[in-house]
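A.B. asks: attaching a predicted model along with its sequence, questions to come.
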There are 2 protein chains.
Amino acid sequence: MPSKPAAPITIDAVYAAPGYLFRRMQQIAVSIFMEECKAFDLTPVQYAALIAIHTHPGIDATRLSAVIAFDRSTLGSVIERLQAKDYIERKPAPEDKRIKLLYLTKSGAAILREIIPAVEHAQARMLEPLKPADRKALMGLLTQLVDLNNEASRVPLRAEDALEHLGKGG
Amino acid sequence: MPSKPAAPITIDAVYAAPGYLFRRMQQIAVSIFMEECKAFDLTPVQYAALIAIHTHPGIDATRLSAVIAFDRSTLGSVIERLQAKDYIERKPAPEDKRIKLLYLTKSGAAILREIIPAVEHAQARMLEPLKPADRKALMGLLTQLVDLNNEASRVPLRAEDALEHLGKGG
DNA sequence: TGTTGATTGACAGTATACTGACGATCTAGG
DNA sequence: CCTAGATCGTCAGTATACTGTCAATCAACA
């Protein structure tokens, strides 16, 4: 018996792999977002950061990264770009010289109001090819899976407890 | 009636947005892949490229990008790195001086055989938190959605027809 | 044959991601 | 007060992604 050259290694296994499908879907999602929002010069990441700062005015960069589960190093340049566009401003914290607090500017609040319809349209478009019941099912399963895998990511989501040190009492 | 300051804009809408969940899940997937395969010094993208070259020896970079639906510009540096690691080699095509054909080296074929179990373990881990029936349901819906949104991505997948010019007859 | 248009690989520029390290700063303990 | 450890922002280095451009080359056609 000749020793066979191992199991069939083909590209078809890649096509069916969860990781490959997640990557493709993410790229499709970004593509649709950018197309719907091309009038606004905002990336998905920048949009999420703006929303988070709007929800939590005076948050610092480290806690912001926990609230949206984005890498803290990357967030530095994202904040820089948002600041360069005059959508946010940074103020030193009075009681901690290490921290810089983040606030939306008037421009930032305005662009947020304007872009929301386009963003919602983009989000709807991503799921549009599916039947309504399937959309619900997919989102339900995906929400579960992301939540259950939270600790597996480098930056786990810490939605509420990340804000306990922000002077709201804990 | 005072005109209300628009709908409630909060971070919770982001948490439930398909695009946000796709992004998070992709990052979790990469994290799990890298952890399971840390002994091999191969990224998910490099792995997919290797598999594709193994399946289609003598493919060129442009067709490779269509076969795995990766950006062609990015693929250039991916190929460079795989070549630097001595996993692939590039040979000029005799009948077309523009094209460089891609082949796996012995090292490349070997690392592929060795890494497969780790990759499969990683893929399984991504879905592990879900019940088996839910895993199947999620993968089914995601496969559908990626396929139906194929043209929405910058680099649509062209699995088979991309290879018609490779001398296999068309 | 000579020109036009398409294709290929390469590159520049921008934006995420992640790893690891670093100085400045704050906190706790002694 | 002074030091050890933790935290914050920052940076360097690597790897994807995408846009747009370019020279070399090829294919098609007049």
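C.D. replies: Yep, it's here.

A.B. asks: quick check: closest non-adjacent residue to A:R125.
C.D. replies: A:I32 (5.2 Å; CB to CB, 6 or more residues apart in numbering or on different chains). (Each C-beta comes from the backbone N, C-alpha and C, glycine too.)

A.B. asks: quick one: the one you found from DNA strand C, how far?
C.D. replies: 14 Å (CB to the nearest atom of the strand, to the nearest Å).

A.B. asks: what residues of the top helix by length along chain A count as buried?
C.D. replies: The longest helix of chain A (DSSP state H) is helix A:106-127. Residues A:108-109, A:111-112, A:115-116, A:118-119, A:122-123, A:125-127 are the ones in helix A:106-127 that count as buried (16 or more other CB atoms under 10 Å in any protein chain shown).

A.B. asks: adding pLDDT and distance to A:Y87, write those out as JSON lines.
C.D. replies: As requested, the buried residues of helix A:106-127 are exported to JSON lines (pLDDT from 0 to 100; distance: CB to CB, whole Å):
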{"residue": "A:G108", "pLDDT": "97", "distance to A:Y87": "4"}
{"residue": "A:A109", "pLDDT": "97", "distance to A:Y87": "9"}
{"residue": "A:I111", "pLDDT": "97", "distance to A:Y87": "6"}
{"residue": "A:L112", "pLDDT": "96", "distance to A:Y87": "8"}
{"residue": "A:I115", "pLDDT": "97", "distance to A:Y87": "11"}
{"residue": "A:I116", "pLDDT": "97", "distance to A:Y87": "14"}
{"residue": "A:A118", "pLDDT": "97", "distance to A:Y87": "16"}
{"residue": "A:V119", "pLDDT": "98", "distance to A:Y87": "15"}
{"residue": "A:A122", "pLDDT": "98", "distance to A:Y87": "19"}
{"residue": "A:Q123", "pLDDT": "98", "distance to A:Y87": "21"}
{"residue": "A:R125", "pLDDT": "98", "distance to A:Y87": "25"}
{"residue": "A:M126", "pLDDT": "98", "distance to A:Y87": "24"}
{"residue": "A:L127", "pLDDT": "98", "distance to A:Y87": "28"}
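
A.B. asks: which of the residues you listed sits closest to B:R158?
C.D. replies: Checking those against B:R158 with CB to CB, the nearest one is A:M126 at 21.5 Å.

A.B. asks: next to DNA strand D, which bits of chain A? Give me the list.
C.D. replies: Within chain A, the positions near DNA strand D by CB under 7 Å from any atom of the strand are A:23, A:27, A:30-31, A:34, A:60-63, A:72-73, A:76, A:79, A:98-100, A:165.

A.B. asks: make a PyMOL selection of the buried ones in those residues.
C.D. replies: Entered in PyMOL, the line below selects the buried ones among those, by 16+ other CB under 10 Å:
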select buried, chain A and resi 23+27+30+31+60+61+63+79+99
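
A.B. asks: isn't A:V146 up against B:R23?
C.D. replies: No - counting by CB atoms under 8 Å, B:R23 is not a contact partner of A:V146; they are 9.6 Å apart.

A.B. asks: what about chain A, any weak spots by pLDDT?
C.D. replies: Applying pLDDT under 70 to chain A flags the ranges A:1-8, A:160-170.

A.B. asks: can you tell me which of the buried residues of helix A:106-127 is nearest B:H56?
C.D. replies: Using CB to CB, the buried residues of helix A:106-127 come closest to B:H56 at A:M126, 30.3 Å.

A.B. asks: for that closest one, what are its contacts?
C.D. replies: A:I28, A:A29, A:I32, B:P18, B:G19, B:F22, B:L145, B:N149 (CB atoms under 8 Å, 6 or more residues apart in numbering or on different chains).

A.B. asks: excluding chain neighbours, what is closest to it?
C.D. replies: Excluding the flanking residues, the one nearest A:M126 by CB to CB, 6+ apart is B:P18, at 4.8 Å.

A.B. asks: so how many other residues sit close to the one you found?
C.D. replies: B:P18 has 22 neighbours, counted by other CB atoms under 10 Å in any protein chain shown.

A.B. asks: residues contacting it?
C.D. replies: So B:P18 contacts A:A29, A:Q123, A:M126, A:L127, A:M139, A:L142 (CB under 8 Å, 6+ apart).

A.B. asks: what does chain A put close to DNA strand C?
C.D. replies: A:43-46, A:70-71, A:73-74, A:77-78, A:81, A:95-98, A:153-155.

A.B. asks: out of those residues, which touch chain B?
C.D. replies: A:P44, A:S153, A:R154 (CB under 8 Å from any CB of the partner chain).

A.B. asks: got CSV for those, with neighbour count and secondary structure too?
C.D. replies: As requested, these are exported to CSV (neighbours: other CB atoms under 10 Å in any protein chain shown; DSSP: H, G, I helix; E, B strand; the rest coil):
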residue, neighbour count, secondary structure
A:P44, 22, helix
A:S153, 19, coil
A:R154, 12, coil
